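Student: Predicted coordinates and the sequence they were generated for:
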Amino acid sequence: MQKIRCPRCGVVNLEKFVTFPQCVGCGSTLPVPSASPTPFWRRPLGAFLWVSVIGVALIGLVIAASFLSTPVENEAQLIVYGSAPRRVKVQQTVVVKMTIDGVRENRLQQRAPLQNVKLRLPRTLFNKFAFVSLDPKPDVVSTTAGGRYFHYNSLPRQTTLKLRLYARSGGQHRAQAAIYSDTYLPGVYVLSVFVARAPE
């Protein structure tokens with residue numbers, strides 16, 4: 001309930017009093033009471049403010065979607081078509097052929113040569129076999145605790161690697177050769193060969 005002071009006699013009148021809108025003291029007409037200020041959340045929004053609010057909301061949704069969406073994984077993968085003799089004798093050379101190709105590639109990958117190719121041979125392979133040669137010749141060879149890496153800066157698609165190994169000990173031997181390249185998931189070739197011991 002508002003209190004309105006009469007501008008003529010100075011008497012304070014209550015808005016809900018029976019004589020309202022006439023003054024209790026002098027009977028003159030009182031001024032209309034000013035409306036209470038509207039809270040900011042109830043005020044009508046202008047067009048510019050609406051556009052700003054909607055724009056900020058859309059930007060927030062885009063940012064949230066970018067954080068919540070899972071990145072599309074690269075599906076291109078190297079595949080290795082390999083061949084090797086199943087049975088050899090001790091002190092015989094084993095020739096392993098591995099042809100490198102790709103699957104699930106995009107158009108750009110299909111046209112370009114393979115970049116930064118690495119052939120990894122496990123260290124355990126060299127306990128049973130001695131390395132003889134690898135064609136084409138790698139640009140760099142490095143050795144780690146896990147194996148030996150043969151690096152190529154670039155290789156044409158469907159290149160066949162010819163790995164020559166010298167059998168040093170008999171028995172069933174199994175090793176996994178892994179091939180890596182930029183923008184591809186690695187490919188694997190499993191070498192399984194039985195080395196017959198030399199007759200005594």
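Tutor: Alright, I've got the coordinates. Numbering: from 1, shown residues only.

Student: Quick one, grab the pLDDT at the residue of the chain most remote from its centre.
Tutor: Among residues of the chain, the one most distant from the C-alpha centroid is Cys26; the distance is 82.8 Å, by Cα atoms, centre = their mean. Note for Cys26: predicted pLDDT of 84.

Student: How about it, nearest residue that isn't a chain neighbour?
Tutor: Nearest non-adjacent residue to Cys26, counting by Cβ to Cβ, 6 or more residues apart in numbering: Cys9, 4.3 Å away. In this view, the C-beta of every residue, glycine as well, is placed from N, C-alpha and C.

Student: Distance of Phe194 relative to Ser169?
Tutor: Remark: distance between Phe194 and Ser169 (Cβ to Cβ, to the nearest Å) = 12 Å.

Student: what does Gly102 give?
Tutor: In this view, Gly102 and Ser169 are 36 Å apart by Cβ to Cβ.

Student: now do Gln91
Tutor: According to Cβ to Cβ, Gln91 stands 10 Å off from Ser169.

Student: List the contacts of the helix or strand harbouring Gly82.
Tutor: Here Gly82 sits within strand 77-83, counting by DSSP states H and E. For strand 77-83, contacts defined as Cβ atoms under 8 Å, 6 or more residues apart in numbering pick out 96-104, 114, 177, 179-181, 184-189, 191.

Student: and Ala145, what pLDDT?
Tutor: At Ala145, the pLDDT value in this model is 87.

Student: Kindly state the domain boundaries assigned to this protein.
Tutor: Each domain of the chain is listed here as a residue range: 3-68, 77-196, per automatic domain parsing.

Student: low pLDDT regions in the chain?
Tutor: Screening the chain residue by residue with the criterion pLDDT under 70, one finds the ranges 1, 33-50, 67-74, 199-200.

Student: where do the strands sit along it?
Tutor: In the chain, the segments counted as strands under DSSP state E are 3-5, 12-14, 77-83, 87-89, 93-103, 114-122, 129-135, 140-143, 147-155, 160-167, 171-180, 187-196.

Student: Would you give the sheet partners of the second one, along with the direction of each?
Tutor: As defined by DSSP bridges, the strand partners of strand 12-14 come to strand 3-5 (antiparallel).

Student: Since that was my last question, I'll sign off now.
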